[in-house]
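no sequence for this one, just the structure:
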């Protein structure tokens, strides 16, 4: 293990069950960026303000984040396969309902139901892939983050193509693809990868008292604010410059998602094979903050914003993989519990950003959301740097029994 990173081997040599979950994960993550290219069209056709339209992100992400805290309790009783299938079924139903909506308020409601299905699926999918994959934890997480990157890349492209016909098209397209993912899980995930052990309802909340996991979750909260400023606010910034049609936005964010996927699979391992994970985050987070601040400085330039979006994608891909690896390696907690706790905090951070960004833009100018996103990412960097003593295990440094006992005592006392 170099700097705490496992040798990945060939990540393509995986059991069929892993590929089934990874395929469905691609479709699930498409839902995050799917509405991105059609936000201006929805605002125009349904006569909604930018902030009202951004609530399509917030209702989805907020429900996803809150529900994530309870997914380990559900999956530990139903098993991974049933939990994944319930999540996929909910997404199919609510995505189709969103496509039939008469107004923005109805879409928000259905996006909330979509978020519930997404929470059940995404958190369980990560634990399932890590538990069933061959080649170690790092290989599994790279595969999971590759699915995330590919889904985030294809989502805006599909949203742009179908949104060019009607803003309803992307919702129906997602429902159809999720139905295919449902069939893939039924056919290829024949049994639960691990025998479920029931966990307490409070387990994810108690898990956040663990110093290492609490530090990583806190950093993820502020990091995800920057992530979703770049993803959710940029369509409106580009619309102000005359580049708000669905097809154009779809291609721009396809490039962004492709950058996320490439750096997740190749960039992150390249860095963590040479540097400890914490040092990698020390470098990448400030670079991401600089990228967001530069986006604010060039907010009047279409080319400038597009370049910042693509560069941001490269940095986000590295951070997604390294953060997820760190969470899976930081503690001895069950994977499903660690995933639920971390993902819940992370998505709540994402829920704050979209409406906050458009409100800031309306009050203080178009550049302000990018500046605020940059400051938020810097806060994430400070949390990682100041919490480095708690993250030694993330870098492959084993704690002594005394240090571990001290950490547990501190967690129990808090």
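That came through, no problem. All values reported here derive from a predicted model rather than from experimental measurement.

what about residue 23, distance to residue 91?
Distance, residue 23 to residue 91, using C-beta to C-beta, to the nearest Å: 14 Å. C-beta: built from backbone N, CA, C; applies to glycine.

Likewise for residue 114?
Residue 114 sits 6 Å away from residue 91, taking C-beta to C-beta as the criterion.

From the chain's centroid, how far away is the strand or helix carrying residue 250?
Using DSSP states H and E, residue 250 sits in helix 246-262. Taking C-alpha atoms, centre = their mean, to the nearest Å, one finds helix 246-262 lying 16 Å from the centre of the chain it belongs to.

now do stretch 30-48
19 Å.

first to last residue in that stretch, what's the distance?
Terminal residues of stretch 30-48 are spaced 24 Å apart (C-alpha to C-alpha, to the nearest Å).

May I see the buried residues of that stretch?
Buried positions in stretch 30-48, judged by neighbour count with 16 or more other C-beta atoms under 10 Å: 30-43, 46, 48.

Just the helices from the stretch 51-200 of the chain, written as ranges.
For the stretch 51-200 of the chain, the helices defined by DSSP state H, counting those that start in this stretch occupy 80-99, 104-132, 136-163, 169-188.

Show me what the first one is packed up against.
If you count contacts as 3 or more C-beta pairs under 8 Å, 6 or more residues apart in numbering; DSSP states H and E, helix 80-99 packs onto helix 16-34, helix 50-78, helix 104-132, helix 169-188.

repeat for the second one
The criterion is 3+ C-beta pairs under 8 Å, 6+ apart, and the helices and strands that helix 104-132 contacts are helix 16-34, helix 50-78, helix 80-99, helix 136-163, helix 335-364.

can you tell me which of the ones you listed comes nearest to residue 280?
helix 136-163 (12.9 Å; C-beta to C-beta).

What sits closest to residue 75 if chain neighbours are left out?
Among residues not flanking residue 75 along the chain, residue 83 sits closest, at 4.1 Å (C-beta to C-beta, 6 or more residues apart in numbering).

Might one say that that neighbour is in contact with residue 117?
No - between residue 83 and residue 117 there is no contact under C-beta atoms under 8 Å: 10.5 Å.

ok, the nearest residue to residue 67 once chain neighbours are set aside - how many residues close by?
Leaving aside its sequence neighbours, residue 67 sits nearest to residue 119 (C-beta to C-beta, 6+ apart; 3.6 Å). Number of residues near residue 119 (other C-beta atoms under 10 Å) recorded here: 27.

Could you number the chain from 650 rather than 1 from now on?
New numbering, starting at 650: the last item is residue 768.

Which residues lie in contact with residue 768 in this structure?
Residues in contact with residue 768 (C-beta atoms under 8 Å, 6 or more residues apart in numbering) are 712, 713, 714, 715, 716, 717, 720, 736, 992, 996.

which residues touch the fourth one?
By that I understand residue 715. Contacts of residue 715 were listed using C-beta under 8 Å, 6+ apart, and they are 768, 993, 997.

ok, now how distant is it from residue 880?
Using C-beta to C-beta, residue 715 is found at 20 Å from residue 880.

Next: the last one.
Counting by C-beta to C-beta, the separation of residue 996 from residue 880 is 13 Å.

Could you list the low-pLDDT ranges of this protein?
Where the chain drops to pLDDT under 70, the residues are 650-661, 680-682, 783-786, 839-845, 1046-1063.

Pick out whichever of residue 672 and residue 740 has more residues nearby.
Using other C-beta under 10 Å, the more surrounded residue of residue 672 and residue 740 is residue 740, with 29 against 19.

For that one, which non-adjacent residue is spatially closest?
Per C-beta to C-beta, 6+ apart, closest to residue 740 is residue 766, 4.0 Å.

can you count the residues close to that neighbour?
Residues near residue 766, counting by other C-beta under 10 Å: 25.

And for residue 812?
Using other C-beta under 10 Å, residue 812 is surrounded by 29 other residues.

just residue 728 next, same as before
18.

quick one, phi psi at it?
Dihedral pair for residue 728: phi 90, psi 160, per degrees, to the nearest 10.

mind listing what residue 694 touches?
Residue 694 sits next to residue 816 when contact means C-beta under 8 Å, 6+ apart.

can you tell me how far it sits from residue 1006?
From residue 694 across to residue 1006, the span is 22 Å (C-beta to C-beta).

Now residue 822: closest residue in space, sequence neighbours ignored.
With C-beta to C-beta, 6+ apart, the residue lying closest to residue 822 is residue 811, at 5.0 Å.

List the contacts of that neighbour.
Contacts of residue 811 by C-beta under 8 Å, 6+ apart are 818, 819, 821, 822.

Now flag whichever of those is closest to residue 796.
Ranked by distance to residue 796 (C-beta to C-beta), those are led by residue 822 at 18.1 Å.

List the residues that contact the closest residue to residue 698 other than its chain neighbours.
Distances taken as C-beta to C-beta, 6+ apart place residue 692 nearest to residue 698, at 7.0 Å, with adjacent residues excluded. Shown in contact with residue 692 (C-beta under 8 Å, 6+ apart): 698, 699, 701, 702.

The last one - how many residues pack around it?
Read it as residue 702. Using other C-beta under 10 Å, residue 702 is surrounded by 27 other residues.

Would you mind confirming that residue 721 is in contact with residue 850?
No - contact criterion C-beta under 8 Å: residue 721 and residue 850 do not qualify, at 9.2 Å.
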